[in-house]
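Undergrad: Pasting a predicted model and its sequence here:
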Amino acid sequence: MATTRAPQTEIAIAATAGFLLAAATLAGATAALGAHPWWAIQSGLVGTAGGLALYGALRALGVGAGRLGLVAAMALVASALAAHFGKQSFVASFASDALAGRLWYLGWFVLAGSATVVLTVLAARVLRR
């Protein structure tokens, strides 16, 4: 019988993962990893909140943790590449390539959200919840 709600331990694991990523963002991890200092905290916190909401909604809909983790890992890689190459193109164009700037900016939101989901799935797997 499939449950429609995540167990309380899974919610606690997700909240802990979100808290850790938010703390890392506030400590400057996103800026140190390549996000622009003006929006590094915004992208990290909003992306983390979005990742938690997406994780909770998809788990409540019955999506398996393994499948969710796999899709989130692919999104993590894709968003990291988009953010990296978007930044490179934006800087090389002397800030005139708006599409590259958007890829860099939005890539960090998706990166933070997918990192939240991946960390939550991995922590739940390790704790076998």
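TA: Yes, it's here.

Undergrad: And residue 94, how far from residue 58?
TA: Computed as Cβ to Cβ, to the nearest Å, the residue 94 to residue 58 distance reads 41 Å. Using the backbone N, CA and C atoms, a C-beta is placed for each residue, glycine as well.

Undergrad: For these two, indicate the residue with more neighbours.
TA: residue 58 (18 against 7; other Cβ atoms under 10 Å).

Undergrad: The more buried one touches residue 68, doesn't it?
TA: Yes. Residue 58 is within contact range of residue 68, at 5.6 Å (criterion: Cβ atoms under 8 Å).

Undergrad: residue contacts, residue 124?
TA: 10, 13, 65 (Cβ atoms under 8 Å, 6 or more residues apart in numbering).

Undergrad: Verify the contact between the second one and residue 125 for me.
TA: No. With contact defined as Cβ under 8 Å, residue 13 does not count as touching residue 125 (10.0 Å).

Undergrad: Save the contacts of residue 124 as a markdown table, and put in distance to residue 29 and neighbour count too.
TA: Formatted as a markdown table, the contacts of residue 124 follow (distance: Cβ to Cβ, whole Å; neighbours: other Cβ atoms under 10 Å):
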| residue | distance to residue 29 | neighbour count |
| --- | --- | --- |
| 10 | 25 | 20 |
| 13 | 20 | 23 |
| 65 | 25 | 19 |
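
Undergrad: Looking at the residues you listed, which is nearest residue 108?
TA: Nearest to residue 108 among the contacts of residue 124 is residue 13, at 23.9 Å by Cβ to Cβ.

Undergrad: Quick one: list the elements packing against the helix or strand the closest one falls within.
TA: In the assignment (DSSP states H and E), residue 13 maps to helix 8-26. Contacts defined by 3 or more Cβ pairs under 8 Å, 6 or more residues apart in numbering; DSSP states H and E place helix 8-26 against helix 40-60, helix 98-126.

Undergrad: Noted, bye for now.
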